[in-house]
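> sequence and predicted structure are below.
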Amino acid sequence: MKFSVTIDTQSGFCFGVIRAIEKAEQALHSGVALYSLGEIVHNNLELNRLKNNGLRVISHTQMEALRDAVVLIRAHGEPPQTYATARQNNLQLMDATCPVVLKLQQKIHQSYLQNTNNQILIFGQKGHAEVNGLVGQTDGTAQVIETVDEITDWTRSITLFAQTTKSETAFEQLCADIRSRLPAHLHLEAHNSICKHVAQRVQHLQQFATQHDVIIFVSGALSSNGNVLYKVCKAVNPRTHRVENAHDIQPEWLAACGSVGVCGATSTPQWLLKEVAEALPTNDD
Ligand code: SF4
């Protein structure tokens with residue numbers, strides 16, 4: 001097979017994920033017995049690397065039973081209840097909530113305190129850790145939606161926020177759908193809270209995916225951002241294939257192809273992109 005392979009230099013961890021991993025590594029290197037509340041990154045290979053260095057991943061239920069330990073809050077952030085549990089259980093928190101998420105949490109909390117007549121809606125994935133943290137800013141009253149059909153209350157104005165990793169195009173479409181159904185005396189206050197780092201990657205990946213015959217998109221199955229960016233690539237290049245690691249590559253994908261682009265999500269480490277690129281059959285094979 002003869003084709004060129006290009007790794008997208010703009011793929012790889014975003015600064016929020018890098019910051020969380022660096023905090024964890026510093027603590028582990030200094031001998032701290034560190035617990036991560038949930039997976040620090042939605043990438044099994046990177047997670048296993050950190051686990052091999054001593055990181056222990058716990059669930060919220062396990063945290064309830066934990067006492068006198070150090071617990072890392074990952075970039076997704078947490079609802080206020082988690083901080084209350086930590087205080088009760090004498091847990092020291094290493095808070096790696098991404099500053100972008102933290103700002104959004106504060107904005108939603110302010111909105112909740114001020115706009116008592118508006119209903120707060122969050123465009124996001126139900127049950128996702130970041131979304132749980134956002135809903136927690138409203139004492140659990142915000143409704144999480146993916147489509148306009150899920151809105152049940154059309155008697156109050158709407159304040160709308162978005163999970164940081166959602167697609168901007170989908171957010172704009174949702175706003176248009178809401179406006180078309182909202183009674184004239186009510187209004188929509190839309191806050192585009194999508195992370196700019198994700199939005200920039202969308203534009204960049206649209207270009208990158210058109211520049212290659214085949215795209216290998218590397219991402220963990222649980223990555224919300226990975227789902228969005230994979231669909232972006234697939235929409236402009238139907239020969240886009242999603243893999244978790246090099247073993248998932250199917251040789252038939254590479255038939256009659258002159259160039260392969262390897263890219264990934266904000267939770268995909270650069271070392272893994274390199275590993276996948278190196279596993280592709282080369283010109284000598
Ligand atoms: S995608 Fe944006 S908001 Fe999410 S962790 Fe990365 S930098 Fe922070």
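Okay, I see it. Residues are numbered from 1 along each chain as shown.
> for N43, report the pLDDT, please.
Note for N43: predicted pLDDT of 86.
> so what's it closest to, chain neighbours aside?
Nearest residue to N43, sequence neighbours excluded (Cβ to Cβ, 6 or more residues apart in numbering): G220, at 4.3 Å. (C-beta placed from N, C-alpha, C; glycine too.)
> residues contacting the one you found?
Residues in contact with G220 (Cβ atoms under 8 Å, 6 or more residues apart in numbering) are 41-44, 226, 244, 265, 267-268.
> report pLDDT for it.
Among the per-residue scores, G220 shows a pLDDT of 87.
> name the helix or strand for it, please.
Using DSSP states H and E, no element contains G220; it sits outside every helix and strand.
> contacting residues for the residue of the chain found nearest the ligand?
Relative to the ligand, the nearest point of the chain is G16 (2.5 Å; Cβ to the nearest ligand atom). Listed by Cβ under 8 Å, 6+ apart, the contact partners of G16 are 75, 98-101, 195, 197, 266.
> rerun that using 7 Å as the cut-off
Counting by Cβ atoms under 7 Å, 6 or more residues apart in numbering, G16 touches 75, 98, 100.
> among these, which are in reach of the ligand?
75, 98, 100 (Cβ under 6 Å from any ligand atom).
> wait, a strand at V71?
Yes. Per DSSP: H, G, I helix; E, B strand; the rest coil, V71 lies within a strand segment.
> show me what it is bridged to.
Beta bridges link V71 to Y35, L93, judged by DSSP bridges.
> about what we covered before: next, format the contacts of G220 as a markdown table and append neighbour count and secondary structure.
Converted to a markdown table, the contacts of G220 look like this (neighbours: other Cβ atoms under 10 Å; DSSP: H, G, I helix; E, B strand; the rest coil):
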| residue | neighbour count | secondary structure |
| --- | --- | --- |
| V41 | 27 | coil |
| H42 | 24 | coil |
| N43 | 27 | coil |
| N44 | 15 | helix |
| G226 | 24 | helix |
| E244 | 18 | coil |
| A265 | 30 | coil |
| S267 | 26 | coil |
| T268 | 30 | coil |
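> need those residues in CSV with distance to L188, can you?
Listed next are the contacts of G220 as CSV, based on distance: Cβ to Cβ, whole Å:
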residue, distance to L188
V41, 34
H42, 31
N43, 36
N44, 39
G226, 29
E244, 38
A265, 30
S267, 31
T268, 35
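> tabulate those residues (a markdown table), appending distance to the ligand.
Formatted as a markdown table, these follow (distance: Cβ to the nearest ligand atom, whole Å):
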| residue | distance to the ligand |
| --- | --- |
| V41 | 10 |
| H42 | 11 |
| N43 | 13 |
| N44 | 18 |
| G226 | 11 |
| E244 | 19 |
| A265 | 9 |
| S267 | 8 |
| T268 | 12 |
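> among the contacts of G16, which one has the most neighbours?
A75 (28 neighbours; other Cβ atoms under 10 Å).
> next, that one: secondary structure please.
Assignment for A75 (three-state DSSP): coil.
> how about the closest residue to A279 other than its chain neighbours, phi and psi?
Among residues not flanking A279 along the chain, A246 sits closest, at 3.5 Å (Cβ to Cβ, 6+ apart). Reported as degrees, to the nearest 10, the phi and psi values for A246 are phi -60, psi -30.
> residues in contact with the helix or strand harbouring E189?
Using DSSP H and E, the element containing E189 is strand 188-190. Outside strand 188-190, the residues that touch it by Cβ under 7 Å, 6+ apart are 118, 158-160, 175, 178-179, 182.
> are any of those residues buried, and which?
118, 158-160, 175, 178, 182 (16 or more other Cβ atoms under 10 Å).
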